[in-house]
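Peer 1: From the sequence below, what's the structure:
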Amino acid sequence: MLRSNREKQQAYEFVSIEDLVPQDHLLRKVDKYIDFSFIDEKVRPLYCSDNGRPAIDPVVLFKMIFLGYFYGIRSERQLEREVQTNLAYRWFLGLGLTDKVPDHSTISWNRRTRFKDTNIFQDIFDEIVLQAISHRMVGGRVLVSDSTHVKASANKHQYTKQMVLQSTKDYVDELNATVEADRKNHEKKPLKPREEVNEEKEIKVSKTDPDSGYMIRDGKPEGFFYLDHRTVDLKYNLITDVHVTPGNVHDSVPYLSRLDRQRERFGFQVEAIALDSGYLTTPICRGLQNRKIFAVIAHRRFHPKQGLFPKWKFTFDGERELYVCPAGQELKYRTTDRKGYQQYASDPEQCKNCPFLNECTQSKNHRKVVTRHVWEDSKEWVRNNRLSKSGKQLYRKRKETIERSFADAKELHGFRYCRLRGLPNVREQALMTAAVQNMKKMAIQLDRREKQG
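Peer 2: Numbering: from 1, shown residues only. A predicted model of the protein is given here:
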């Protein structure tokens with residue numbers, strides 16, 4: 001005999017929503033181990049205390065936002081529909097079976113008005129990191145950083161071209177002082193001061209999302225993107241810093257300032273870092289050495305002109321301060337240019353009769369010039385770190401930490417594409433994605449600790 005269950009759709013039942021949510025559900029763990037009470041304190045100054053209609057509880061509002069990032073729900077309208085029908089979502093928000101779900105427009109209105117031009121999303125991310133520190137899940141001793149591209153909501157064929165000024169690097173004053181001291185030590189005249197250090201550059205600007213940047217990189221897609229510069233702590237692979245830039249900003253530009261922010265904000269005593277080859281620049285090597293941080297940075301392959309000796313075949317003699325070519329000739333110091341490169345030149349009279357001349361230089365005057373940066377010692381220090389046993393072990397952890405963090409964000413939390421346009425909105429997406437990743441990992445690990453101990 002066949003039976004139909006359709007009459008049960010109209011049946012009334014006396015149930016508790018607490019009994020309908022599985023005990024091992026992720027949201028139960030998050031609700032138990034993550035303290036959301038700080039949200040009310042952070043947003044209270046943004047609300048009027050004695051005027052207007054009663055507002056939705058800010059904790060409920062942000063928990064609803066977190067749900068969208070936890071489960072990769074990209075649309076706020078879809079998020080509202082999901083909360084209406086999902087018992088676990090209702091339980092997490094503290095809503096009963098018949099309670100009205102906050103309207104999707106409430107989230108967008110708060111983002112566009114109340115939270116605009118505030119640091120609320122950065123404050124929430126930082127607070128989650130501080131909670132992780134209190135649970136001893138972040139050590140702050142070994143950090144790994146990298147960036148990943150996030151597709152902007154913009155057509156790569158719709159753009160205009162503009163000339164922009166390249167900003168002065170933050171290390172230029174220190175470099176100028178080093179160059180001046182180096183020239184003085186070599187009894188060279190000081191360089192004439194140059195007031196204008198900015199250079200113009202033509203870039204593509206999207207008509208749809210002008211804040212994004214046109215990215216062209218080997219092995220990467222071409223178009224308008226943003227870059228998520230992220231740092232993770234080696235202990236539990238928790239994210240400790242998130243910074244968003246347009247896609248045409250080099251990885252190395254914001255790195256040292258973001259490292260210093262973590263040290264100041266969280267009191268990190270950083271002992272070692274691991275970075276990809278994109279960060280192998282002389283200023284970063286110098287900055288890390290000055291901060292007394294053991295740095296491991298991947299090697300970047302440079303391809304010399306075909307048929308000519310690569311630079312590594314010229315041996316540098318630090319005591320005599322000169323280079324020795326493969327034929328044994330000495331290349332002596334000549335000058336130091338404004339960019340910080342020391343020039344070591346050979347004797348043309350010896351070079352023109354050298355059997356290796358055609359493999360060494362194509363210069364018409366038969367002179368070989370080898371350059372060396374005034375901070376090259378810092379780069380060699382990083383290179384030696386990478387080749388050491390501990391350096392190799394540390395760099396192997398990079399793909400297990402930062403790469404996994406990016407993969408998790410893109411595959412599970414919808415961070416492959418930008419939800420909205422504009423740098424502030426993408427920054428919000430990056431911070432909230434990283435925050436829920438941290439919450440998820442903290443809740444699972446703390447639940448595991450409790451069961452084991």
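
Peer 1: Okay, and Val150 sits in which element?
Peer 2: Element membership for Val150, per DSSP states H and E: strand 142-151.

Peer 1: Dump that strand to PDB, keeping only the CA atoms.
Peer 2: The C-alpha trace of strand 142-151 is given here as PDB (Å, rounded to 0.1, in the frame of the first residue of the first chain):
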ATOM      1  CA  VAL A 142      57.400  32.900  11.400                       C
ATOM      2  CA  LEU A 143      55.300  34.600   8.700                       C
ATOM      3  CA  VAL A 144      54.700  33.700   5.000                       C
ATOM      4  CA  SER A 145      53.400  36.300   2.500                       C
ATOM      5  CA  ASP A 146      52.200  36.300  -1.100                       C
ATOM      6  CA  SER A 147      49.600  37.800  -3.300                       C
ATOM      7  CA  THR A 148      46.800  36.400  -5.500                       C
ATOM      8  CA  HIS A 149      44.800  38.000  -8.300                       C
ATOM      9  CA  VAL A 150      41.100  38.500  -8.000                       C
ATOM     10  CA  LYS A 151      39.100  39.100 -11.200                       C
END
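
Peer 1: After it, which helix or strand is next?
Peer 2: Criterion used, DSSP H and E; the element after strand 142-151 is strand 159-166.

Peer 1: Report all helices and strands that that next one contacts.
Peer 2: strand 199-206 (3 or more CB pairs under 8 Å, 6 or more residues apart in numbering; DSSP states H and E). Bear in mind the C-beta positions are built from the backbone N, C-alpha and C, glycine included.

Peer 1: The strand it packs on - which strands sit beside it in the sheet, and in what orientation?
Peer 2: strand 159-166 (antiparallel) (DSSP bridges).

Peer 1: what stretches of this structure score poorly on pLDDT?
Peer 2: 1-11, 50-54, 165-170, 194-199, 302-304 (pLDDT under 70).

Peer 1: which ones are touching Thr315?
Peer 2: By CB atoms under 8 Å, 6 or more residues apart in numbering, Thr315 lies in contact with Tyr323, Val324.

Peer 1: So what does it look like in phi/psi?
Peer 2: Torsion angles at Thr315 (phi, psi; degrees, to the nearest 10) stand at phi -90, psi 130.

Peer 1: Please apply the same query to His25.
Peer 2: Dihedral angles for His25 - degrees, to the nearest 10 - are phi -70, psi 140.

Peer 1: repeat for the one 10 residues further on
Peer 2: Reported as degrees, to the nearest 10, the phi and psi values for Asp35 are phi -90, psi 110.

Peer 1: thought it was touching Gln131?
Peer 2: Yes. Applying CB atoms under 8 Å, one finds Asp35 in contact with Gln131, separated by 6.4 Å.

Peer 1: More neighbours: the two, which one.
Peer 2: Gln131 (18 against 11; other CB atoms under 10 Å).

Peer 1: and the host helix or strand of Val436, what other elements does it pack with?
Peer 2: Using DSSP H and E, Val436 sits in helix 423-452. On a contact count with 3+ CB pairs under 8 Å, 6+ apart, helix 423-452 meets helix 26-33, helix 58-70, helix 120-134, strand 223-233, strand 239-246, helix 389-412.
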